[in-house]
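Participant: what follows is a predicted protein model with its sequence.
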Amino acid sequence: FGRTTGMDHGLTTGPYYAFKIAPGIHYTMGGVKINTKTEVLTKKQQPIPALYAAGEVTGGLHGDTESVAIPSPTL
C-alpha cells in the first residue's frame, strides 16, 4: 500500500521515550471458570472430568453478550 512502518528511519536523535503496554479486560459478564489445562472447574475449584472450555465463555470475559469496541489509548 506504499505505507512505511516508521522503522525505516534511523534513530539518531532524541529525546526517546518508552512505556509499557499491556492488555487488560475492560469488563466481565460471567462465564465458566477454567484452569490452565482448560478444564472447567466446579464451585469448589475442582476440575469436572472430560469437560473443557475455551474462548469467550471462559474466565468471565464477555459471557452472554457480544464484544464492545473501545478506542485505543492515546498519549
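Facilitator: Okay, I see it.
Participant: and the helix or strand of the chain with the lowest mean pLDDT, what other elements does it pack with?
Facilitator: Taking mean pLDDT, DSSP states H and E as the measure, the helix or strand of the chain with the lowest value is strand 39-41, at a mean of 93. For strand 39-41, the elements it packs on are strand 47-52, judged by 3 or more C-beta pairs under 8 Å, 6 or more residues apart in numbering; DSSP states H and E. Placement of C-beta: from N, CA and C, glycine included.
Participant: state the mean pLDDT of the strand it packs on.
Facilitator: Per-residue pLDDT values across strand 47-52 average out to 96.
Participant: partners of that strand in the sheet?
Facilitator: Strand pairing for strand 47-52, determined by DSSP bridges: strand 39-41 (antiparallel).
Participant: mind listing what's buried in the partner strand?
Facilitator: Buried residues in strand 39-41, defined by neighbour count with 16 or more other C-beta atoms under 10 Å: 39-40.
Participant: which residues sit against it?
Facilitator: 32-35, 47-48, 51-53 (C-beta atoms under 8 Å, 6 or more residues apart in numbering).
Participant: identify, from these, the entry nearest to Pro23.
Facilitator: The shortest gap between Pro23 and any of the contacts of strand 39-41 belongs to Ile34, at 18.2 Å (C-beta to C-beta).
Participant: isn't the closest one up against Ala53?
Facilitator: Yes. At 5.4 Å, Ile34 counts as touching Ala53 under the criterion of C-beta atoms under 8 Å.
Participant: gap between the two ends of stretch 40-47?
Facilitator: End-to-end distance of stretch 40-47: 6 Å, with C-alpha to C-alpha, to the nearest Å as the criterion.
Participant: show the end-to-end separation of stretch 36-47, please.
Facilitator: In stretch 36-47, first residue to last residue: 11 Å (C-alpha to C-alpha).
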